[in-house]
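A.B. asks: Sequence first, predicted model second:
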Amino acid sequence: MEQWQPSASLSHLRLRAQVLSQIRQFFIERQVLEVETPILSQHTVTDLHIDSFKTLYHQGQQQRNYYLQTSPEYAMKRLLAAGSGPIFQISKAFRNSEEGSRHNPEFTLLEWYRPGFNHFDLMNEMDELLQTVANTLPAERLTYQEVFQHTLHLDPYNSTLAQLHLYAQQQSLNIPYLENKDALLQLLLTHCIEPQLGHERPLFLYHFPTSQAALAKINQTSVPAVAERFEVYIRGIELANGFHELTDPTEQFNRFETDQRLRHQQGKTTIDIDMRLIQALQQGLPPCAGVALGLDRWLMLIANTNRVDEVLSFAWERA
């Protein structure tokens, strides 16, 4: 196919338009406000595993760094703190060094936030969305601990690093020796567990280790303590990541500082903390839950294709 032509078929582009319309109708019926926030911003995420695109803004003799956003999360939380109520957004997002059959450096996110919801409430609503738009069966739910026990017969909390490495060797996984237990658990999850998830119906994987909390609340009353976070899988593909959102500004600032230290230790660019988000949390982020869903991946699954570029009008190499 010549490079000027779209990477998606016209039938897939029509499917995309139909799904976008159904999503908007779903939220209109639930009185969730559609919003738009900046794609280009002065700050970006500190997450160790995400790299942002950076550009330079010129105004006369002054120059300032701006970043293409990896998610509209920070800006949407500022709206929530300002009293927006429930909101959703269908937004372009960008992540550097992410390209493949399931990744495009420029992609589309569906992200929404529900004041007064916890992560279980949001899982219920997302399940409704999946059934409404894609006619899926009601979703299955397993905790992070349960999915390791059921699939690998390992307890992720009580297994030692040596036991996890032994299992990896027994499965002939060609991975380096890792001193970081979280990193090893993540490799076992992606290589041994994820491909088996969500084939008959969507699966919600929830209650992650506290070390993988990201921007989620931690439930200290659970044994062991868990992060109130969930991921959604369909046909072995991770589709969405949701949180019972952290609202404590001090804890959030501390997590950002930890990210900065880890980035520095690994030789990555240190990202300035977005103090506007911290100020919004200090003003008062209402108790809420939020989730980001990869719309291109979902469309790929709905269209029953194996490559995300088949549902993009012009994929990365044709942009």
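C.D. replies: Looks like it came in fine.
A.B. asks: elements contacting the helix or strand hosting Leu262?
C.D. replies: Leu262 is located in helix 249-265, with elements delineated by DSSP states H and E. Packing contacts for helix 249-265, counted by 3 or more CB pairs under 8 Å, 6 or more residues apart in numbering; DSSP states H and E, involve helix 275-284. Where C-beta positions appear, they are placed from N, C-alpha and C, glycine not excepted.
A.B. asks: and the angle from the helix holding Leu262 to helix 275-284?
C.D. replies: Helix 249-265 and helix 275-284 are oriented at 160 degrees to each other (axes from the mean of the first three to the mean of the last three CA atoms, to 10 degrees).
A.B. asks: what sits up against stretch 191-204?
C.D. replies: Residues lying outside stretch 191-204 but in contact with it, judged by CB atoms under 8 Å, 6 or more residues apart in numbering, are 123, 126-127, 130, 136-142, 147-148, 151-152, 171, 173, 175, 205, 230-239.
A.B. asks: which residue packs closest to the most centrally placed residue in the chain, ignoring adjacent ones?
C.D. replies: Ranked by distance to the mean C-alpha position of the chain (CA atoms, centre = their mean), the top residue is Asn241 at 4.0 Å. Residue nearest to Asn241 in three dimensions, not counting chain neighbours: Glu231, with 5.4 Å by CB to CB, 6 or more residues apart in numbering.
A.B. asks: just Ile273 next, same as before
C.D. replies: In this structure, Ile273 finds its nearest non-sequential neighbour in Phe256, 4.6 Å apart by CB to CB, 6+ apart.
A.B. asks: Identify each of the strands in the protein and give its residue range.
C.D. replies: Using DSSP state E, the strands assigned to the chain run over residues 33-34, 40-41, 54-59, 62-68, 87-94, 106-115, 140-143, 203-209, 218-219, 226-234, 237-244, 288-294.
A.B. asks: Centre of the chain to the biggest helix by length in the chain, how far?
C.D. replies: Scanning the chain for the longest helix, with DSSP state H as the assignment, gives helix 10-29. When distances are taken as CA atoms, centre = their mean, to the nearest Å, helix 10-29 is centred 21 Å away from the chain's centroid.
A.B. asks: elements contacting that helix?
C.D. replies: If contacts are counted by 3+ CB pairs under 8 Å, 6+ apart, helix 10-29 sits against strand 87-94, helix 119-134, helix 295-302.
A.B. asks: for the record, mean pLDDT for that helix?
C.D. replies: Predicted confidence along helix 10-29 averages 98 (mean pLDDT).
A.B. asks: okay, the angle between that helix and strand 106-115?
C.D. replies: Going by the same axes, to 10 degrees, helix 10-29 makes 20 degrees with strand 106-115.
A.B. asks: what sits up against helix 10-29?
C.D. replies: Here helix 10-29 has contacts from 6, 8, 34, 88, 90, 110, 112, 128-129, 132-133, 295, 298-299, 302-303, 305, 310-311, 313, using CB under 8 Å, 6+ apart.
A.B. asks: With stretch 250-261 instead?
C.D. replies: Counting contacts by CB under 8 Å, 6+ apart, the residues touching stretch 250-261 from outside are 46-48, 213, 215, 246, 270-271, 273-274, 277-278, 281.
A.B. asks: Can you turn the buried part of those into a PyMOL selection?
C.D. replies: The buried subset of the contacts of stretch 250-261, as determined by 16 or more other CB atoms under 10 Å, is captured in PyMOL by this line:
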select buried, resi 46+47+48+213+215+246+271+273+274+277+278+281
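A.B. asks: Using CSV, lay out the contacts of stretch 250-261 together with pLDDT.
C.D. replies: As requested, those are arranged in CSV below (pLDDT from 0 to 100):
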residue, pLDDT
Thr46, 94
Asp47, 92
Leu48, 89
Ala213, 91
Leu215, 92
Leu246, 97
Thr270, 90
Ile271, 92
Ile273, 96
Asp274, 97
Leu277, 97
Ile278, 97
Leu281, 97
